[in-house]
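>>> after the sequence you'll find the predicted model.
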Amino acid sequence: MNLKIRKIREDSIIPKYAHKDDAGMDLYSAEDKIIPSGETSLIHTGIQIELPKDTEAQVRPRSGLALKHSITVLNTPGTIDEGFRGEIGVILINHSKKDFKIEKGMRIAQMVIKPVLKVNVVEVDNLTETERGKGGFGSTGIK
């Protein structure tokens with residue numbers, strides 16, 4: 001399966017897998033930017049993608065940035081739809097107590113390509129009964 005990628009900045013870095021068995025490929029910053037403590041910022045990657053049919057791309061945090069610097073993807077996982085052709089951007093949030101510098105070429109997130117199941121939406125009057133029923137947040141007794 002092929003993922004088509006177009007660089008829209010000459011010095012952009014094409015996403016790649018760090019290891020052959022990795023689920024996600026690294027996304028790289030195409031710019032230098034400071035994310036102030038407690039703030040969010042859209043980081044440009046300088047690439048566009050064309051996903052295979054019936055797939056999505058999920059943008060997820062990098063564990064090293066999260067653990068070492070408290071930097072994570074705000075809307076994780078961020079979904080890139082099959083029909084989107086704009087520049088891939090990553091919304092990062094700085095949960096640390098100090099400003100964080102994003103440098104051009106830095107690995108800022110990972111992108112996982114996943115299949116998408118298309119369903120028919122059917123309105124009904126009733127749903128089947130289950131053991132859980134309407135039990136929601138905290139209903140399993142775990143505190």
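Right, received. Where do you want to start?

>>> which parts of this structure are strands?
Secondary structure of the chain by DSSP state E: the strands cover 4-7, 25-28, 33-35, 40-44, 47-50, 55-60, 71-73, 78-80, 89-94, 100-102, 107-115.

>>> nearest to G136, out of these?
strand 78-80 (23.4 Å; C-beta to C-beta). Where C-beta positions appear, they are placed from N, C-alpha and C, glycine not excepted.

>>> bridged to the spatially most central residue of the chain, which residues?
In the chain, the C-alpha nearest the mean C-alpha coordinate belongs to V59, at 1.3 Å (C-alpha atoms, centre = their mean). V59 has these beta-bridge partners by DSSP bridges: G78, M111.

>>> in JSON lines: the strands of the chain, plus distance to E131 and mean pLDDT.
Below are the strands of the chain laid out as JSON lines (distance: least, C-beta to C-beta, whole Å; pLDDT from 0 to 100):
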{"stretch": "strand 4-7", "distance to E131": "46", "mean pLDDT": "98"}
{"stretch": "strand 25-28", "distance to E131": "40", "mean pLDDT": "98"}
{"stretch": "strand 33-35", "distance to E131": "45", "mean pLDDT": "98"}
{"stretch": "strand 40-44", "distance to E131": "40", "mean pLDDT": "98"}
{"stretch": "strand 47-50", "distance to E131": "42", "mean pLDDT": "98"}
{"stretch": "strand 55-60", "distance to E131": "31", "mean pLDDT": "98"}
{"stretch": "strand 71-73", "distance to E131": "35", "mean pLDDT": "98"}
{"stretch": "strand 78-80", "distance to E131": "31", "mean pLDDT": "96"}
{"stretch": "strand 89-94", "distance to E131": "37", "mean pLDDT": "98"}
{"stretch": "strand 100-102", "distance to E131": "46", "mean pLDDT": "98"}
{"stretch": "strand 107-115", "distance to E131": "29", "mean pLDDT": "98"}
